[in-house]
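K.L.:
here is my input, please return the structure:
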Amino acid sequence: MTDGYNPSPWMHEAFGELSEGVALAISRAGSTAQSDGTEAKAGSRLPTNEPYGATVWLAFARETASELEAAGAELVRPKGCRYRLAIVDGTLVLAVKLPADSRGVEHMVIASEIRQRILQLSGASADITLDFGDDFELTDDEGHAVADDDEFGAATRAVLVVLEGSSRGGVERIHIGDVLLGDQGKVSWVYREEIPIQMAARSDTGLIALDAEPKPSFADGALPEPELGLVTEDGIAEKDADASWMSDTDKEGTESVGY
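P.N.:
Next up, the predicted model:
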């Protein structure tokens with residue numbers, strides 16, 4: 001199904017046996033979100049990219065959860081979140097689009113308080129003290145935040161997925177990894193890798209049986225042979241005129257013989 005992709009040790013640690021399916025699901029979600037965004041921009045007939053950006057932002061998160069649910073993930077909806085999030089093997093997946101005004105994933109900022117709260121479940125560790133807010137109590141033995149079980153279900157960690165793309169260039173990259181949040185939501189990647197964006201196309205192509213007999217096509221039929229000829233002033237083709245003259249001559253000759 002995903003020929004050519006070998007999940008990294010980090011993917012195995014985060015998602016276990018479902019790591020390959022997770023990568024494919026995220027790749028498919030990115031492809032679908034890009035299509036939705038392109039259609040939204042075309043339908044709006046606006047010269048700006050706001051319809052594209054807003055659509056991809058929401059569609060990527062929604063499609064990621066939907067694709068992962070089909071692969072067996074648990075879905076939860078954190079407090080105040082506009083969409084559901086997927087949990088795979090205890091790992092919560094937060095999928096976002098890279099803001100258009102960002103200089104890249106290395107300089108991105110998570111401004112949403114809800115997303116900041118979600119990413120406080122990150123499995124990353126660092127020798128700094130983080131303010132986990134009122135929704136969290138202490139940390140566990142490994143330094144991870146202990147969250148409200150009702151809000152985050154069975155999640156014990158969170159990873160960030162970032163789609164990088166544009167309306168003209170399409171999906172360029174999909175990043176996934178562990179992050180830490182600094183002041184005002186500044187993202188610091190502790191670990192990051194890319195999910196091959198071609199996985200979705202390879203998967204769809206793989207559904208085609210290469211040894212199957214081709215279906216008959218309308219274009220396979222024999223073409224009709226048109227009768228070509230020059231058109232005279234009275235609108236009769238020369239070939240038709242000759243045939244008509246020969247017919248009249250034969251008729252007159254036959255009548256003469258009868259007399």
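
K.L.:
hang on, E63 is in a strand, isn't it?
P.N.:
No - applying DSSP: H, G, I helix; E, B strand; the rest coil, one finds E63 to be helix, outside a strand.

K.L.:
let me see the domain layout of the chain.
P.N.:
Per automatic domain parsing, the structural domains of the chain span 9-205, 227-258.

K.L.:
take those domains and write them to a markdown table, including mean neighbour count and mean pLDDT.
P.N.:
C-beta here means a position set from N, CA and C on the backbone, and glycine is covered the same way. Below are those laid out as a markdown table (neighbours: other Cβ atoms under 10 Å; pLDDT from 0 to 100):
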| stretch | mean neighbour count | mean pLDDT |
| --- | --- | --- |
| domain 9-205 | 17 | 86 |
| domain 227-258 | 10 | 51 |
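
K.L.:
what residues does stretch 5-25 touch?
P.N.:
1-2, 64, 67-68, 70-73, 88-89, 91, 93, 123, 157, 159, 177, 191, 193, 195-196, 199-200, 203 (Cβ atoms under 8 Å, 6 or more residues apart in numbering).

K.L.:
what about these, which are in strands?
P.N.:
Of these, the ones assigned to strands by DSSP state E are 88, 91, 93, 157, 159, 177, 191, 193.

K.L.:
going by distance to K41, which of these wins?
P.N.:
K41 has its nearest neighbour among those in V93, at 26.3 Å by Cβ to Cβ.

K.L.:
could you list everything that closest one pairs with in the sheet?
P.N.:
Beta-bridge pairing of V93 under DSSP bridges involves A86, V159.

K.L.:
was I right about it contacting V159?
P.N.:
Yes - using Cβ atoms under 8 Å, V93 is in contact with V159, at 6.0 Å.

K.L.:
show me where the stretch 51-200 of the chain has its helices.
P.N.:
Assigned by DSSP state H, counting those that start in this stretch, the helices in the stretch 51-200 of the chain fall at 113-119, 149-152, 199-205.

K.L.:
closest to R82 out of the ones in strands among the contacts of stretch 5-25?
P.N.:
Nearest to R82 among these, with distances taken as Cβ to Cβ, is V93, at 15.7 Å.

K.L.:
contact partners for the closest one?
P.N.:
22, 26, 64-65, 68, 73, 85-87, 158-159, 161.

K.L.:
how about 10 Å then?
P.N.:
14-15, 22, 25-26, 29, 61, 64-65, 68, 73, 85-87, 118, 155, 158-161, 176 (Cβ atoms under 10 Å, 6 or more residues apart in numbering).

K.L.:
quick one: the nearest residue to E63 once chain neighbours are set aside from I114, how far?
P.N.:
Once flanking residues are discounted, E63 sits nearest to A29: 3.7 Å by Cβ to Cβ, 6 or more residues apart in numbering. Note on A29: its distance to I114, by Cβ to Cβ, to the nearest Å, is 20 Å.

K.L.:
ditto for R157
P.N.:
In terms of Cβ to Cβ, R157 sits 17 Å off from I114.

K.L.:
ok so, going back, just checking, the residue nearest to E63 touches A71?
P.N.:
No - using Cβ atoms under 10 Å, A29 makes no contact with A71, being 11.0 Å away.

K.L.:
which residues of the chain fall in strands?
P.N.:
Ranges of strands in the chain, per DSSP E, are 74-76, 85-88, 91-97, 157-166, 170-181, 187-194.

K.L.:
neighbouring strands - and their directions - for the longest one?
P.N.:
With DSSP bridges as the test, strand 170-181 is paired with strand 157-166 (antiparallel), strand 187-194 (antiparallel).

K.L.:
need these in a markdown table (columns: distance to E39).
P.N.:
Compiled in a markdown table, those are given as follows (distance: least, Cβ to Cβ, whole Å):
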| stretch | distance to E39 |
| --- | --- |
| strand 157-166 | 15 |
| strand 187-194 | 26 |
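
K.L.:
closest to P99 out of the ones you listed?
P.N.:
Here strand 157-166 is closest among the strands paired with strand 170-181 (Cβ to Cβ), at 9.8 Å.
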